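Q: Build me a model from this:
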Amino acid sequence: MMLEGRATADATARYASRFPTLPGNFRPALGVSISSIGIGTYLGEPDDETDRAYEEAIKASLRGGINLIDTAVNYRFQRSERNIGKAIGELVAAGEIEREQVIVATKGGYITFDGEVPPNPRAWFEEHYVKTGIVAPSDLVDGSHCMTPKYIGTMLELSRKNLNLETIDIYYIHNPETQLEAIERKEFLARIRTIFEFLETAVEAGKIGVYGTATWNGFRAAQTERGWLSLDELMKTAREVAGDAHHFRAIQLPYNLAMPEAVTRSNQFAHTGKATPLAAAKAFGLAVCASASLLQGQLSRGLPPIVANAFGGFATDAQRSVQFVRSTPAVDVALVGMKSVDHVRDTLETARRRPATVEELMRLFQQGEEPT
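A: Numbers count the residues shown, from 1 in each chain. Next up, the predicted model:
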């Protein structure tokens, strides 16, 4: 029996009120109260030991003041979604949290196996995707990405089952810019339109709350690059599909001390003209989740002294890196991949301090160095 409901304003406000020692940790986005730090579930081996570690890390996050969980159907071949479903279900059953206090985001777009790599991946793919009619060979891009209503619909149902959730709060199309490696922009926008139409029906059916695009290069690329994504084009498509009541409400893109393009590259267009990705997202009223806050651990140690000078009072470079991301105006959530309780505890130490001011962030640049 799937858990009913989705995150609500009242329930998330009650959750936030439980953590008075985390000043500035919760902020309004998507009509609910969302923690400034979210737990990501990308890294790790597809094995039982990692499963157990993730389940405990997710529980520690929810108990400690982190109420946004990010995943994807292909992360660890569906195992991360299943770990999330088990952890939430156990906490709800124990009365420690309410389903409506948690924001769960997942993604669809990449081909995934079931729990592990099969002995013959090609034969497995043919048996489970092609012969069943879920994927036509012509639908596949780069041997791994599919963006059709049939495939995304199948992945959405798989995610709902894995997560044991009747409604997924945020559903992202995963790295849609991958499609631009094989098709022209006009065809790409036509495919996006059909996906947005499908996702609007999923909202109406109560299967998802809102939808968006989770990217790696798309929103950071220069306009001249083939994989560049235009927020303006995506917003226009959403409005064409469902008017101003559309549910294209969130984006995800990498942003960290080593990848600052979201605030340094004016490659988007908004109402007022050229804009950075973050400025454009806010102009369009989109929630922003920043991925790769620690760049898969590379920014957790060895940062230059300028960072410590800008963010005094933190014990580790990892905490300083997370503080940079969560404090940047227009970033709603800084995602941190965490598969151990100790990592969760260390990260929550960052949330015990208020987000940095704009003036404090600017110290990184005022001292004459780049923040890398």
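Q: C-alpha from now on. contacts and neighbour counts both.
A: Will do.
Q: Now do the contacts for A290.
A: 252-255, 325, 331-335 (C-alpha atoms under 8 Å, 6 or more residues apart in numbering).
Q: Please tell me which one of those residues counts the most neighbours.
A: A334 (32 neighbours; other C-alpha atoms under 10 Å).
Q: and that residue, backbone torsions?
A: Dihedral pair for A334: phi -100, psi 120, per degrees, to the nearest 10.
Q: Test my guess that it contacts F324.
A: No: using C-alpha atoms under 8 Å, A334 is not in contact with F324; the gap is 9.2 Å.
Q: Would you mind listing the buried residues in whichever helix in the chain runs longest?
A: Counting residues, the longest helix in the chain under DSSP state H turns out to be helix 185-204. Under the neighbour-count criterion of 16 or more other C-alpha atoms under 10 Å, helix 185-204 has 185, 188, 191-200, 202-203 buried.
Q: quick check, nearest of the residues you listed to L30?
A: V203 (14.2 Å; C-alpha to C-alpha).
Q: my guess is the closest one contacts F196, does it?
A: No: when contacts are counted by C-alpha under 8 Å, V203 is not listed as touching F196 (10.4 Å).
Q: one step back: in strands, which of the contacts of A290 appear?
A: Judged by DSSP state E, strands contain the following of the contacts of A290: 252-254, 333-335.
Q: Any chance of TSV for those, columns pLDDT and distance to T272?
A: Listed next are the ones in strands among the contacts of A290 as TSV, based on pLDDT from 0 to 100; distance: C-alpha to C-alpha, whole Å:
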residue	pLDDT	distance to T272
Q252	98	22
L253	98	22
P254	98	24
V333	98	25
A334	98	27
L335	98	29
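Q: Nearest to I168 among these?
A: Q252 (16.0 Å).
Q: Return the distance of the spatially closest residue to A270 that is not a sequence neighbour relative to G212.
A: Computed as C-alpha to C-alpha, 6 or more residues apart in numbering, the closest residue to A270 that is not its neighbour in sequence is A280, at 5.3 Å. Noted for A280: a distance of 15 Å to G212, by C-alpha to C-alpha, to the nearest Å.
Q: so who does I66 touch?
A: So I66 contacts 35-39 (C-alpha under 8 Å, 6+ apart).
Q: swap in L286?
A: So L286 contacts 248-251 (C-alpha under 8 Å, 6+ apart).
Q: By neighbours, which of these wins?
A: F248 (27 neighbours).
Q: Run through the bridge partners of that one.
A: Listed beta-bridge partners, F248: Y211 (assigned using DSSP bridges).
Q: and if you look at the one 4 residues further on?
A: Beta-bridge pairing of Q252, defined through DSSP bridges, involves A214, C289.
Q: where does it sit relative to A275, distance-wise?
A: For Q252 relative to A275 (C-alpha to C-alpha), the value is 17 Å.
Q: Now tell me what touches the lowest-mean-pLDDT helix or strand in the chain from outside.
A: For the chain, using mean pLDDT, DSSP states H and E, the weakest element among its helices and strands is helix 358-366, scoring a mean of 79. Helix 358-366 is contacted from outside by 306-307, 310-311, 324, 327-329, 370-371, using C-alpha under 8 Å, 6+ apart.
Q: all strands of this protein, in order?
A: 26-29, 32-35, 37-40, 68-70, 103-108, 168-174, 208-214, 248-254, 268-270, 273-275, 287-291, 333-337.
Q: can you give me the helices for the protein?
A: Using DSSP H, helices in the chain cover 9-17, 48-64, 79-93, 121-125, 149-163, 185-204, 231-242, 261-264, 277-283, 305-310, 317-327, 341-351, 358-366.
Q: Pick the most deeply packed of the ones you listed.
A: helix 317-327 (a mean of 25; mean count of other C-alpha atoms under 10 Å).
Q: From what I see, V263 and L278 are in contact.
A: Yes: with contact defined as C-alpha under 8 Å, V263 counts as touching L278 (6.2 Å).
Q: count of residues packed around I134?
A: For I134, using other C-alpha under 10 Å, the count is 19.
Q: from memory it sits against I152, does it?
A: No: when contacts are counted by C-alpha under 8 Å, I134 is not listed as touching I152 (9.3 Å).
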